[in-house]
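*Asks:* here is a sequence together with a model predicted from it:
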Protein chains: 6
Amino acid sequence: MSEPTKSIPRAHQRPFDALRPVTFVRGFTRYAEGSVLISMGETRVLCTASVLDKVPSFLKGKGQGWVTAEYGMLPRSTHTRSDREAARGKQSGRTQEIQRLIGRSLRAVIDLSALGERTIHIDCDVLQADGGTRCASITGAWVALADAIDGLLAAGALMDSPLLDSVAAVSVGLVGGQPRLDLDYEEDSGCDADMNVVMTGSGRFVEVQGTAEGHTFERPMLDQLIDLAQTGIAQLQQLASQARA
Amino acid sequence: MSEPTKSIPRAHQRPFDALRPVTFVRGFTRYAEGSVLISMGETRVLCTASVLDKVPSFLKGKGQGWVTAEYGMLPRSTHTRSDREAARGKQSGRTQEIQRLIGRSLRAVIDLSALGERTIHIDCDVLQADGGTRCASITGAWVALADAIDGLLAAGALMDSPLLDSVAAVSVGLVGGQPRLDLDYEEDSGCDADMNVVMTGSGRFVEVQGTAEGHTFERPMLDQLIDLAQTGIAQLQQLASQARA
Amino acid sequence: MSEPTKSIPRAHQRPFDALRPVTFVRGFTRYAEGSVLISMGETRVLCTASVLDKVPSFLKGKGQGWVTAEYGMLPRSTHTRSDREAARGKQSGRTQEIQRLIGRSLRAVIDLSALGERTIHIDCDVLQADGGTRCASITGAWVALADAIDGLLAAGALMDSPLLDSVAAVSVGLVGGQPRLDLDYEEDSGCDADMNVVMTGSGRFVEVQGTAEGHTFERPMLDQLIDLAQTGIAQLQQLASQARA
Amino acid sequence: MSEPTKSIPRAHQRPFDALRPVTFVRGFTRYAEGSVLISMGETRVLCTASVLDKVPSFLKGKGQGWVTAEYGMLPRSTHTRSDREAARGKQSGRTQEIQRLIGRSLRAVIDLSALGERTIHIDCDVLQADGGTRCASITGAWVALADAIDGLLAAGALMDSPLLDSVAAVSVGLVGGQPRLDLDYEEDSGCDADMNVVMTGSGRFVEVQGTAEGHTFERPMLDQLIDLAQTGIAQLQQLASQARA
Amino acid sequence: MSEPTKSIPRAHQRPFDALRPVTFVRGFTRYAEGSVLISMGETRVLCTASVLDKVPSFLKGKGQGWVTAEYGMLPRSTHTRSDREAARGKQSGRTQEIQRLIGRSLRAVIDLSALGERTIHIDCDVLQADGGTRCASITGAWVALADAIDGLLAAGALMDSPLLDSVAAVSVGLVGGQPRLDLDYEEDSGCDADMNVVMTGSGRFVEVQGTAEGHTFERPMLDQLIDLAQTGIAQLQQLASQARA
Amino acid sequence: MSEPTKSIPRAHQRPFDALRPVTFVRGFTRYAEGSVLISMGETRVLCTASVLDKVPSFLKGKGQGWVTAEYGMLPRSTHTRSDREAARGKQSGRTQEIQRLIGRSLRAVIDLSALGERTIHIDCDVLQADGGTRCASITGAWVALADAIDGLLAAGALMDSPLLDSVAAVSVGLVGGQPRLDLDYEEDSGCDADMNVVMTGSGRFVEVQGTAEGHTFERPMLDQLIDLAQTGIAQLQQLASQARA
C-alpha cells in the first residue's frame, strides 16, 4: 500500500508518452458489414459490426436504433490459457464490464434516432492479448461501426450518417511512480494504478475509469494521467481517421 | 447528444454541493461481526461484515487474508419491482460491476498480510434505493469492516489493526449543465453525466468512474466534478468517523 | 430414532405455549404498495407487496388476478454466513418450498376473480433469522397484502375487497418430548419433530406440514401439536388485526 | 373458496376408503442393488437403490452413512407431455420438494451409524402418472432400500440390518366434501384439499403434509383425513411386507 | 494404437453376425400416442411419441410439421449409477449427439409437409443399458412414430400417411480384430472400433458413424463392417414390421 | 425425400474432386505452444495448442497424458451473425459434437503414455466460416499439436515424440446427385448427403460420419464418397507435411 512498486523497463525503449505501433486492417473478414483487426503492439482485436434489421424488445416501436457490443478473449490469446467462457457457461464479471463499456462508448457518438429501427451489433474478439484490450476494442470498434454505416449509406438504406463524432480509448497508468501511456501486459500487471479513458474526436470525455491497483494516488497525479490520456487519444483519432481515408 | 437535458429541481431545496442527510446505524442486525445500516437520504443499504477462517483457493498457504464483497438489491427496494437475481439464476452485469468495485475499494485500505489467513466477506444489500447505492455501500461497508476488525482486536485474534486508512465514496453528476453532489434517483436518471469517486481518509484517490450518459463533457467540467466529489467525501469521512467514535 | 433428544431450556423463561414478542412495522420501506417488517423474537422478515398490472401467461385473458411470492435470506441473516443464492445461480430446494408455501397460503384467502387482471407479487426477505422464518413470512405477508389492497380500494381501482379472510402461520415442535409453540433457532435445530401450520382468521386450516426430524411421533402427540398451533395462530391473528387497525 | 367443488365419481366403483390395486415387481431392472416397480392403479414408479462406497462431503470421517433420493417423471408419463427437466436445465420446485420428502422419509427408519460409511442413493422415476406419485415413490423406495440392505447383509458387508422399521405413504383428499383414500389424477386435480401422510410400520408419523387446494377445512375434517390415511398406510405396509416375503 | 486389444468372448455363444434377441412391446404406457418398449438383449428403451398441435417457431406458418427427439438414461440403468442430468442442470455432449441423431434418422423417412402443422415429439428413455442404446432408440422410436401416425389416420386428422419408409439402426464393431454385429456393453467398452449405421427399409443409408476407439482401421475392414450392419438392419426391419402387423 | 435437390455450380470452376486452396500459417499468434491459422478456401480456423502440466482428474496418478479440444465460432464468422455461446450460457449440441470429434481424432495418433502427465489443450476458433470448419479444425489442429510437441522435444521435456502418425479430415458430399470433395457453405447447405472423414497419414480410418441431409443414398454411392475422401485426405496430408517442413 504505502511503497510504490518498483519500476518496470518499457519494452523497445518506448518513451513514457508514446503509443505502441497501431495498425488497422479493414475488411479482415468478409461477411461482416464492418470488420477491422486493430493491433496495438502485440494486442490484436478483431472488431466486427453486424447490421440487424431489428431492435431489442425495450425499443420496439420507438422509431430508433441501437448499438450494442460483446467482448471475448480466445482462450489462448493470453500468456497462459484461460477457460473458455462458453464452456464454463457464463461470462465473467470482467467480460461484462468491458462489453458494457464498449457499448456505452459507441452509443455516445451516434444518433440512435437517425439510425432507424436497426441494431448494429459489435463483436470484439481478442486474438492476442498484451494489455489494453478494452481500449483497443473501442478504438477498433468505432472503425468497424463507421464502415458498416458507410455501407448503409452506399446502399441507400440511410440518407445521412447518424455518426456524430469519432471515439477512441487509451489506457494510462502509474508504473514505479511514473505516468505512462498505453500500458502493455507486463506494465499493466505491475502498475500502481491505471486508468482507461474514452474520448470523442472533438476532445470531449465519454468515460474515465481510474483504479488504484493497490496504490492510491493524489489529485495532481490524477490530473497528469488524464493529460497523458488526452494526448494519446488525439493521436489514435488521427490514426483511425487515416485508416478510414 | 448535443443539447444538455433540461434541469431537474433538487428535492428539499438542497444546495448543489450538499450531501443528503447521512446516518449510520451500527449493530443493525445481531449475528454479523459488523452490521451497519447506512442511509443517504432515502437510500438505505445494510452492510454486514462476516469473518471467515479461510481464504479463497488462490491465496491458500500464502499467509495473507482477503476482503471481498457481494451486492444485491431487494426486488422492491426500487420504485417499480425488479426481478430477483436468485430467481433469474444470475447476477446482472451491473451487480457484478458494483460488487467488484466495493471489494477493490476496501482492499485499497487494508493490509491483507496483517489480516492473517482469514476472509472478511462484505454483503451490501439495498433495502431502499434512491440513487447512489454503490457509493453508500462502500461508505457503509467500511464502517462494518472496521467494526469487525475491532472485534478481532478485542478478542485477541489480531494484535494490530490491518486497517491502513478509511475509505468512502460519493456520486457527482452534471444535471442540466450544473455539477451536483450526491445525486438522488430522479437526478441520476436524468443527468447528462455522472461520476462515482472513491477516496481514502487521507485524501487519496482509489477509484474514479465517470460516464457520459448520452452527453459528453469537457476537461474543465471533469475537473469541477472531481473537486465537488473531494469536498463531499471529506464530509462523509467525518460522519463515518463520528459514527464509529 | 428411539430416544427423544434431551431437552433445551427455553430462552427468557418463555412458557411452552407462549409466542415470542411479535411486532409489525407497516410502511417500513416507502416504494412498495405494502411493506411490513415483522419481528417474532429475533426473527425479522421484510414483507413487501407489489401491485403489477399484468398476470402470468397461463392466466392471460381469463379475467382473474394472481398472487405469488418469493422468499430469500440475506447471506448474513443467519448465525454463520450462507451463500448468496444469486451468486450461486440458483435457489435452493428449501427456498422454493417456502415461497410456494407462502403463495398458496395467501391465495387461499383471496378471491382471484375479484382482484381483476393484476398480480400482487409478495417478496419476503429475511433480514435476521432466529427460527420460524417461513411462518413469520406468511403472517407478515398477509398484512402487506392487505395494505396493498387497501391502496387499490382507496385509489378506486377496486370497488370491493377481494380479501376473504386473514391468514397466519406458526411453528410448533416436540423438544425433549415436550410440545412447544413458536420455536426459536436453537429449539428448531434440536427438536424431535416440528410442524408448520397455516390457518385462516375464521379458524380453518390452509396447510399442515409436520416432519419428524429424526424422531417419529404417535397420533396423540400429533393432535396435541395441532391444538397448540391453533392457540398460537389465534393470538397471531389478533396481533395482526391490531397492527392493521 | 366458500363452496366445495362438485363431486367426481370414483373410477371402477372404488369405495372412498379403498386403495387402488397395488403391486410390487422386485428386480424390475438388473443392475441396481434394489429395483422395484410399484404400481398403484395406473401410477407406475420405478424405484432403484444404488449402494455407493462414499458419503457426501458433510459426512466425511463421521463414521456414518447416508440415504438420499432423486425423483423424476418421464416426459410422457403424464396425460400431456411435460418438458424434460434435463433439457430445461433445472429441476422444478415440485421435483425438489418431492425428492427431499422421499429422502427424509427413508432416513426416518434407518440407523445411519449402523449403515457404515456408504450412501444408498434412491432413484424414483415415474413411468406412468395417475396421481399419488410421491406416495408411491416412498412406498416403493422402501422395498428397494430393504432389498439393497439384504444384499449387503448377504455379502457380509453388514452384520446387522440398519433398518429400524418400514415406511409407507398414501394420499388422502377431500373431494366434493367427502374424504377419500388414494386419489387418482382426476380426483387429485379436482379436490378441495389433499394430504400426503407418511408413517412407519409401527404406526408412527413421519410426515403429514396437508394443503387446501382452494378450499380450507376445519379441524374435524383434518382428523378424519388423518384417520383415513392411517388405515390406508396399514394396508400398504402389509402389501409391501408380503411382496418382500 | 498399434496392437489390437485382445478378444472378448461373446455372451450366450452368440455368433459374430447374430443380433441379440429383439422384442417390441407396443402400448407399454397408456397416455402417449405411441409407446414402445424395445429390448435388444438386456438393453431396454422406452420410446414414446407425443403428437403436439404446434410447430417450433422456425417453422411457424410454413405449412409443414416437425419430428424431434430427446434421449435420456435413468441414473441406474447402467452398471454403476450415473448422475441425473436434470440434477446436474445440463445434458451431456453424448446425450445431445444421440438425440440429434435420432431426430435426423426419423425425419429422413417422413414427409414433413404431409404431416401438417404438428410436431411429433419422440422421447427415448433408457430403462436398462447393455450397449447399443442409441440404435435401439432409433429402431423403437420408429415403431412408436408409426403407431402415433396410425392414430392420426384413424382419427381422420390425416388422410394419407406421411411415412415414406421405415428406419432402423444397429451397431457393429471390431473386437479383437473380428467384426461383430450388435455389440453388448462389455464388447462395446473393449472394442477397437465401432460403427452405428442407420438404414431405411428399402436399404438406403441414413447415417454411418464409425469411430476408431483407439485402434484405426483400413478400408477393407470398413467395408466389412458396413456389410455386417446391412445384414443386421434388414433383420431388424423385418422384426419391427412383424411387431407392427 | 425422393427427388435429388437440383445441382449447385461449383465456385471458381473447381473440379468435383479438387480441394479448395489450402494454406497453413504457423505461429499466427505468439503465446501458444502451437498456433496455426488454416485456410481452406474462405474457411479460416485458428488452431492453438496449449501445453499444461496437469491432467484431468480421471487420469491423475496414471502416468499418462491427455489431449482434448474445444471449438468455437466467432459470432460473425458466418454469413449472418450467430449468438455468442458464452452469452447464451451454453455450448450448442453441434459445438459439443465437433469438439468431441476433434479430440478423438487427435488422440487416435498420439501415444498418451509417452506424452507424460501433461495435457495438450487444443482450441479451434473459426474466424471465418465457409463450410468444412470441423475438418479444417482437425487438419490444422494436428499441425499445432505437432508444433507444440516439437517444442517439448526441443526443450528436453520429452526425449521421443509421442506422435504416432499424422491425421487430417475432409468433407465429401452428394450435390445434385454428384459426389464432390471439400464442400463450401453453399454446397453444404444444399447437398443431399454429406460425410466427414478423418484418416491417418498411413491411410487408416479414424472417423467416418455420413449423414443423409434429407436424401438417403445407396451403398455404391457410399463407397464412391469414401473413395473421394481418401483421395482428398492424402493431398491434405501432403500439404500439412510440407507446411511443417
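*Replies:* Done, it's in. Residues are numbered from 1 along each chain as shown, chains lettered A, B, ... in the order given.
*Asks:* which residue sits closest to the residue in chain A that chain E sits nearest to, ignoring its sequence neighbours?
*Replies:* Using Cβ to the nearest Cβ, the point where chain A gets nearest to chain E is residue A:89, with a distance of 7.9 Å. For the C-beta atoms, the positions are set from N, CA and C on the backbone; glycine is no exception. Setting aside the residues directly before and after it, residue A:89 is nearest to residue F:89 in space (Cβ to Cβ, 6 or more residues apart in numbering or on different chains), at 5.2 Å.
*Asks:* quick one on the thing from earlier: now the residue of chain A closest to chain E. Its backbone dihedrals?
*Replies:* Recorded main-chain torsions at residue A:89 are phi 90, psi 0, according to degrees, to the nearest 10.
*Asks:* and if you look at residue A:48?
*Replies:* Per-residue torsions, residue A:48: phi -120, psi 150 (degrees, to the nearest 10).
*Asks:* my read: the residue of chain A closest to chain E touches residue F:85, true?
*Replies:* No - Residue A:89 lies out of contact with residue F:85 (Cβ atoms under 8 Å); the separation is 9.3 Å.
*Asks:* more neighbours: those two, which one.
*Replies:* Neighbours per residue, other Cβ atoms under 10 Å in any protein chain shown: of residue A:89 and residue F:85, the larger number sits with residue F:85, 20 against 17.
*Asks:* surely the more buried one is in contact with residue F:93?
*Replies:* No - using Cβ under 8 Å, residue F:85 is not in contact with residue F:93, being 11.4 Å away.
*Asks:* could you report the pLDDT at the closest residue to chain D within chain A?
*Replies:* Nearest residue of chain A to chain D (Cβ to the nearest Cβ) works out as residue A:89 at 9.7 Å. Among the per-residue scores, residue A:89 holds a pLDDT of 89.
*Asks:* ok, residue A:213 next?
*Replies:* 73.
*Asks:* show me what from chain A comes close to chain F.
*Replies:* Listed as neighbours of chain F in chain A under the rule Cβ under 8 Å from any Cβ of the partner chain: A:29-32, A:35, A:42, A:44, A:46, A:48, A:50, A:52, A:70, A:72, A:74-81, A:84-87, A:89-91, A:95, A:121, A:123, A:125, A:127-128.
*Asks:* which residues of chain A lie near chain E?
*Replies:* Close to chain E, as judged by Cβ under 8 Å from any Cβ, chain A has residues residue A:89.
*Asks:* quick one: classify residue A:156 as helix, strand or coil.
*Replies:* When classified by DSSP: H, G, I helix; E, B strand; the rest coil, residue A:156 comes out as coil.
*Asks:* quick one, what contacts it?
*Replies:* Under the criterion of Cβ atoms under 8 Å, 6 or more residues apart in numbering or on different chains, residue A:156 has no contact partners.
*Asks:* which residues of chain A score low on pLDDT?
*Replies:* For chain A, the stretches flagged by pLDDT under 70 are A:1-6.
*Asks:* at 50 instead, please
*Replies:* Counting by pLDDT under 50, chain A shows low-confidence ranges at A:1-2.
*Asks:* in the longest helix anywhere in it, what's buried?
*Replies:* Among the elements of chain A assigned as helix by DSSP state H, the one spanning the most residues is helix A:219-244. Of all the residues in helix A:219-244, those buried under the rule 16 or more other Cβ atoms under 10 Å in any protein chain shown are A:221-222, A:225-226, A:228-230, A:232-233, A:235-237, A:239-240, A:243.
*Asks:* got it, and stretch A:161-170?
*Replies:* Burial within stretch A:161-170, assessed by neighbour count using 16+ other Cβ under 10 Å, is assigned to A:162, A:163, A:164, A:165, A:166, A:167, A:168, A:169, A:170.
*Asks:* chain center to that stretch: distance?
*Replies:* Counting by Cα atoms, centre = their mean, to the nearest Å, stretch A:161-170 is centred 12 Å from the centre of its parent chain.
*Asks:* rewinding a little: next, the angle helix B:219-244 makes with the longest helix of chain A.
*Replies:* 140 degrees (axes from the mean of the first three to the mean of the last three Cα atoms, to 10 degrees).
*Asks:* please save the CA atoms from stretch A:204-219 in CSV.
*Replies:* Taking only C-alpha atoms (Å, rounded to 0.1, in the frame of the first residue of the first chain), the coordinates of stretch A:204-219 have been written out as CSV:
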residue,chain,number,x,y,z
ARG,A,204,-14.8,15.5,-25.1
PHE,A,205,-14.8,12.9,-22.4
VAL,A,206,-17.1,9.8,-22.6
GLU,A,207,-15.6,7.6,-19.9
VAL,A,208,-12.9,8.0,-17.3
GLN,A,209,-12.2,4.8,-15.3
GLY,A,210,-9.3,5.0,-12.9
THR,A,211,-8.4,2.3,-10.4
ALA,A,212,-5.7,2.2,-7.8
GLU,A,213,-4.3,-1.3,-8.1
GLY,A,214,-3.1,-1.5,-4.6
HIS,A,215,-1.6,2.0,-4.6
THR,A,216,-3.8,5.1,-4.2
PHE,A,217,-2.8,8.4,-5.8
GLU,A,218,-3.2,12.1,-5.2
ARG,A,219,-5.0,14.7,-7.2
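*Asks:* residue A:88 is in contact with the residue nearest to residue A:89, correct?
*Replies:* No - with contact defined as Cβ under 8 Å, residue F:89 and residue A:88 do not form a contacting pair (9.3 Å).
*Asks:* how about residue A:60, what does it touch?
*Replies:* Not one residue lies near residue A:60 by Cβ under 8 Å, 6+ apart.
*Asks:* need the distance between the two termini of stretch A:63-80.
*Replies:* Start and end residues of stretch A:63-80 are separated by 46 Å (Cα to Cα, to the nearest Å).
*Asks:* buried ones in it?
*Replies:* In stretch A:63-80, the ones that count as buried by 16+ other Cβ under 10 Å are A:64-78.
*Asks:* from residue A:125, how far out is the residue lying closest to residue A:28 once chain neighbours are set aside?
*Replies:* Take residue A:28 and drop its neighbours on the chain: the residue closest to it by Cβ to Cβ, 6+ apart is residue A:37, 4.0 Å away. Computed as Cβ to Cβ, to the nearest Å, the residue A:37 to residue A:125 distance reads 10 Å.
*Asks:* between the two, who's got more neighbours?
*Replies:* A side-by-side neighbour count of residue A:37 and residue A:125, using other Cβ under 10 Å, places residue A:125 first with 25 against 20.
*Asks:* so what's the more buried one up against?
*Replies:* Listed by Cβ under 8 Å, 6+ apart, the contact partners of residue A:125 are A:45, A:46, A:48, A:71, A:72, A:73, A:74, F:74.
*Asks:* and the next element down the chain from the host helix or strand of the first one?
*Replies:* The secondary structure element spanning residue A:45 is strand A:43-52 (assigned by DSSP states H and E). Taking DSSP H and E as the definition, the helix or strand that follows strand A:43-52 towards the C-terminus is strand A:66-73.
*Asks:* and the most centrally placed residue in chain A, what does it touch?
*Replies:* For chain A, the residue sitting closest to the mean C-alpha position, by Cα atoms, centre = their mean, is residue A:138 at 2.2 Å. By Cβ under 8 Å, 6+ apart, residue A:138 lies in contact with A:101, A:102, A:105, A:106, A:167, A:168, A:169, A:198.
*Asks:* check for me that it belongs to a helix.
*Replies:* Yes - membership of residue A:138 in a helix is supported by three-state DSSP.
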